[in-house]
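Visitor: The following comprises the amino acid sequence and a computationally predicted model.
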Amino acid sequence: MPTVLGSAVDGQTRCVHYRSALDVVAIKFYCCRAYYPCHLCHEEHADHAAAPWPPDQREAEAILCGVCRAELSISAYLATDACPCCGAHFNPGCRLHSSLYFAD
């Protein structure tokens, strides 16, 4: 089971920055291959700057569903609003930050 780093992570990957019922994903950062609930957690806890996943890495498993713990590819995550394994809905507002995680 992947470890999720960050600020006050609960059992479903919520953190002190994003903790609504829909905030149930953690993202593996390209720069360090570590899971964090959000970009702010990475900024606060990592000893380096974040780097987004390059476009040619869309099949990498880099999304963790906090509900069922399934690891999703970036392309699978970007194509849905819910976990394909358990049906848990993801926060659609996360798309506002997608450029921090995934390069175009």
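Guide: Perfect, I can see it now.
Visitor: okay, which residue is most central for the protein?
Guide: By Cα atoms, centre = their mean, the chain has its centre lying nearest to Ile27, at 2.3 Å.
Visitor: Do you know the pLDDT at that one?
Guide: We have a pLDDT of 96 for Ile27.
Visitor: helices or strands up against the helix or strand it falls within?
Guide: According to DSSP states H and E, Ile27 maps onto strand 25-28. When contacts are defined as 3 or more Cβ pairs under 8 Å, 6 or more residues apart in numbering; DSSP states H and E, strand 25-28 packs onto strand 35-36, strand 61-65. Any C-beta I mention is one placed from the backbone N, CA and C, and that applies to glycine too.
Visitor: Please identify the most buried of the ones you listed.
Guide: Among the helices and strands packed on strand 25-28, ranked by average contacts under mean count of other Cβ atoms under 10 Å, first place goes to strand 35-36 (a mean of 25).
Visitor: In terms of secondary structure, what does that one contact?
Guide: Strand 35-36 packs on strand 25-28, going by 3+ Cβ pairs under 8 Å, 6+ apart.
Visitor: Now the strand it packs on: buried residues?
Guide: Val25, Ala26, Ile27, Lys28 (16 or more other Cβ atoms under 10 Å).
Visitor: Parallel or antiparallel, list what pairs with it.
Guide: strand 35-36 (antiparallel), strand 61-65 (antiparallel) (DSSP bridges).
Visitor: Please give me every residue in contact with the residue nearest to the centre of the chain.
Guide: Counting by Cβ atoms under 8 Å, 6 or more residues apart in numbering, Ile27 makes contact with Tyr35, Tyr36, Pro37, Cys38, Ala62, Ile63, Leu64, Tyr101.
Visitor: so the second one touches Tyr30, yeah?
Guide: No: with contacts counted by Cβ atoms under 8 Å, Tyr36 stays clear of Tyr30, the gap being 11.6 Å.
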